[in-house]
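Participant: Provided below are the primary sequence and the corresponding predicted coordinates.
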Amino acid sequence: MHVQEWLDTVPAAAVYAAVALVIGLESLGIPLPGEIVLVSAALLSSQHSGINPVVLGVCATVGAVVGDSIGYAIGRKGGRPLLAWLGKKFPKHFSEGHVATAERSFQKWGMWAVFFGRFVALLRIFAGPLAGVLRMPYWKFLIANVLGGICWAGGTTAVIYYVGVVAESWLKKFSWLGLVAAVLIGLTSMLVLKRKAKKANAAPQQAEEPEPVPAGE
């Protein structure tokens, strides 16, 4: 089956639901590949006449905002014992070092940590629960959460959608090879945005960390 024919068999409603669900669960605090799912769906929308990129972006934004808000409520109620429990369940994502790094970002930048955290995998998982644990005022969290969700979900969808449109000729000519190439191009585009967000987040952390004391002193 040609790639285009296969893409046309995918129900649009299933794509919208999957994107909203995966991103919502990731934002809630469950380590899931939300960004990969969004990139794949945005690319799919560029080749699938039934999938509206605007609706897709809205679904991704709603999933991000609702998931973060639920994570905030859980974090506010569960407190630090919740982070300790998550550390046991997901040691690679909620280790003490990761929690400390995210906490420094929140204490230093507050709302901006929530906003830019949407573009960084680690903070994207932490943002909701940690903001609740630190008892950030909900109105501040909600503003940063909504703006971050719109910029991340909408921006990602738009960039990857147009990348997919440009790559359409590749898809027709090279079939699956073109699809893989288009995905790689889309991921590369997102890495540029992520690198900028990581630099903005890492700079204040490095300034706060004390210089190591040589052994023997």
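Facilitator: Looks like it came in fine.
Participant: Report how many residues lie close to Lys77.
Facilitator: 10 (other C-beta atoms under 10 Å). The way it works is simple: take the backbone N, C-alpha and C, and place the C-beta from them, glycine included.
Participant: residue contacts, it?
Facilitator: Residues in contact with Lys77 (C-beta atoms under 8 Å, 6 or more residues apart in numbering) are Gly132.
Participant: in this protein, which spans are helices?
Facilitator: 3-7, 12-28, 34-47, 53-89, 96-109, 111-117, 121-133, 138-149, 155-166, 168-174, 176-208 (DSSP state H).
Participant: Where among these is average confidence lowest?
Facilitator: Per-segment mean pLDDT for these reaches its minimum on helix 168-174, at a mean of 52.
Participant: Relative to Pro81, how far out is Gly128?
Facilitator: According to C-beta to C-beta, to the nearest Å, Gly128 stands 17 Å off from Pro81.
Participant: which of those two has more neighbours?
Facilitator: Gly128 (30 against 9).
Participant: Leu25 is in contact with that one, correct?
Facilitator: No: counting by C-beta atoms under 8 Å, Gly128 does not reach Leu25; the two are 11.1 Å apart.
Participant: list the residues that contact both of the two?
Facilitator: Common contacts of Gly128 and Leu25 (C-beta under 8 Å, 6+ apart): Gly67.
Participant: Apart from its chain neighbours, what residue comes closest to Leu25?
Facilitator: By the measure of C-beta to C-beta, 6 or more residues apart in numbering, the closest residue to Leu25 outside its immediate chain neighbours is Leu32, 5.4 Å from it.
Participant: Could you double-check that the one you found lies in contact with Glu26?
Facilitator: Yes: Leu32 lies in contact with Glu26 (C-beta under 8 Å); the separation is 4.3 Å.
Participant: Compare the two (neighbour count), which wins?
Facilitator: Regarding Leu32 and Glu26, a neighbour count based on other C-beta under 10 Å identifies Glu26 as having more, with 25 against 17.
Participant: The residue lying closest to the more buried one once chain neighbours are set aside - how many residues pack around it?
Facilitator: Of all residues not flanking Glu26 in the chain, Gly34 sits nearest, at 3.7 Å (C-beta to C-beta, 6+ apart). Other residues near Gly34 come to 26 when the count uses other C-beta under 10 Å.
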